[in-house]
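Student: Got a predicted structure here, sequence first:
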Amino acid sequence: LASRHFHPEDTIIEVDGIKIGGGNITIMAGPCSVESEEQLMTIAHAVKKEGAQMLRGGAYKPRTSPYSFQGMQEEGLKLLKKAKEATGMPIVTEVMDQDTFDVVEEYTDILQIGARNMQNFSLLKRAGKSNKPILLKRGLSATIEELLMSAEYIMSKGNQNVILCERGIRTFETYTRNTLDISAVPVIKELSHLPIIIDPSHATGKWTMVEPLSKASIAVGADGLIIEVHHQPECALSDGAQSLKPEKFARLMRAIEMIAPIH
Ligand code: PEP
Ligand code: MN
């Protein structure tokens, strides 16, 4: 179902009038985690002003350590909804498990399945029964073929609206958090009709590398970007080191517009 062989035309997924795929460039931006109403509203208005079309923000966080901040959970979902009402931007947020699937599904516009859950097959099957688009992130050590098979799990249960996301993979390199597999974009374009976006924030773990890799991502043909932005990255409860300040995000948006129109 994910194969271009049987479905030659690009899939275009529409959310509140915003088109993802088929030559459109979609920018999703926002904090790693929803931390407070003030934090989310500040960032939401800032990214909207610079031209982001969708708001990202985690309410349920898959943290490496159980002692790290786990997210605001349902409270965070309510704040995301509030931010949508204030800015008009649709929401993308992660769903971590089947227990919380219904509540996350109710609040969000796009359901994100994170890298650590790419092969959580029961979660994928549940996502296949949803009527909301799924943003499926590539696993830390997953091949492109495995990513496409996970998309197939969702699609075979009925939900054809899957957006793929390359977010860096584990390699022997340690300078960056992960290694962005930029070739995943042309490979996926060849193999599949599904949209593919890039997450340069998790790919690098360092804010200084987010703009150059964003430019490379758009140049190589990605359908969009998902970027972490924080107005006070040094105080962020998660992923501060890779979060752009609003003024740096503004510069990135202007740089992207030089390569391809954002719409
Ligand atoms: C995230 O988007 O905040 C996230 C946890 O991403 P990933 O699953 O790619 O690590
Ligand atoms: Mn993050």
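Tutor: Everything's here; your move. On a predicted model such as this, the values are computed, not experimentally measured, just so you know. Ligands and ions are numbered 1, 2, ... in the order given.

Student: list the contacts for the closest residue in space to G51 that isn't next to it in sequence?
Tutor: Spatial nearest neighbour of G51, chain neighbours left out: M253 (5.1 Å); criterion: C-beta to C-beta, 6 or more residues apart in numbering. In this view, the C-beta of every residue, glycine as well, is placed from N, C-alpha and C. Neighbour list for M253: 27, 50-52, 262 [criterion: C-beta atoms under 8 Å, 6 or more residues apart in numbering].

Student: Double-check G51 against M28; I have them as touching.
Tutor: No. Contact criterion C-beta atoms under 8 Å: G51 and M28 do not qualify, at 11.7 Å.

Student: more crowded one of these two?
Tutor: A direct count of neighbours by other C-beta atoms under 10 Å for G51 and M28 places M28 higher, at 28 against 16.

Student: leaving aside the residues next to it on the chain, what's closest to T93?
Tutor: Using C-beta to C-beta, 6+ apart, the nearest residue to T93 is T108, at 4.8 Å.

Student: Could you report the neighbour count for the one you found?
Tutor: Other residues near T108 come to 24 when the count uses other C-beta under 10 Å.

Student: Identify the residues contacting the residue of the chain found nearest ligand 2.
Tutor: Closest residue of the chain to ligand 2, C-beta to the ion: C32 (3.3 Å). By C-beta under 8 Å, 6+ apart, the contact set of C32 is 57-58, 61, 201, 228, 230, 236-239, 242-243.

Student: and those, which of them are in strands?
Tutor: Counting by DSSP state E, the contacts of C32 place E228 in strands.

Student: Mind checking which of the contacts of C32 are in helices?
Tutor: Among the contacts of C32, the residues falling in helices (DSSP state H) are S201.

Student: from the contacts of C32, which would you call buried?
Tutor: Buried subset of the contacts of C32 (neighbour count, 16 or more other C-beta atoms under 10 Å): 57-58, 61, 201, 228, 230, 236-239, 242-243.

Student: quick one, phi psi at I163?
Tutor: I163 has phi and psi values of phi -110, psi 130 when expressed as degrees, to the nearest 10.

Student: quick one, what contacts it?
Tutor: 13, 20-21, 110, 133-136, 194-197, 223.

Student: which of these lies closest to ligand 1?
Tutor: Taking C-beta to the nearest ligand atom as the measure, ligand 1 sits nearest to L135 out of the contacts of I163, at 8.9 Å.

Student: Need the pLDDT of the closest one.
Tutor: Looking at L135, its pLDDT reads 99.

Student: Repeat that for the one 10 residues further on.
Tutor: Residue-level confidence at E145 comes out at 98, pLDDT.

Student: helix, strand or coil for it?
Tutor: helix (DSSP: H, G, I helix; E, B strand; the rest coil).

Student: Tell me who's in contact with it.
Tutor: For E145, the contact set (C-beta under 8 Å, 6+ apart) is empty.

Student: same thing with E146?
Tutor: Residues near E146 by C-beta under 8 Å, 6+ apart: 118-119, 139.

Student: close to ligand 2, is whichever strand or helix holds A29?
Tutor: In the assignment (DSSP states H and E), A29 maps to strand 26-30. No. Using C-beta under 5 Å from the ion, strand 26-30 never reaches ligand 2; the gap is at least 10.2 Å.
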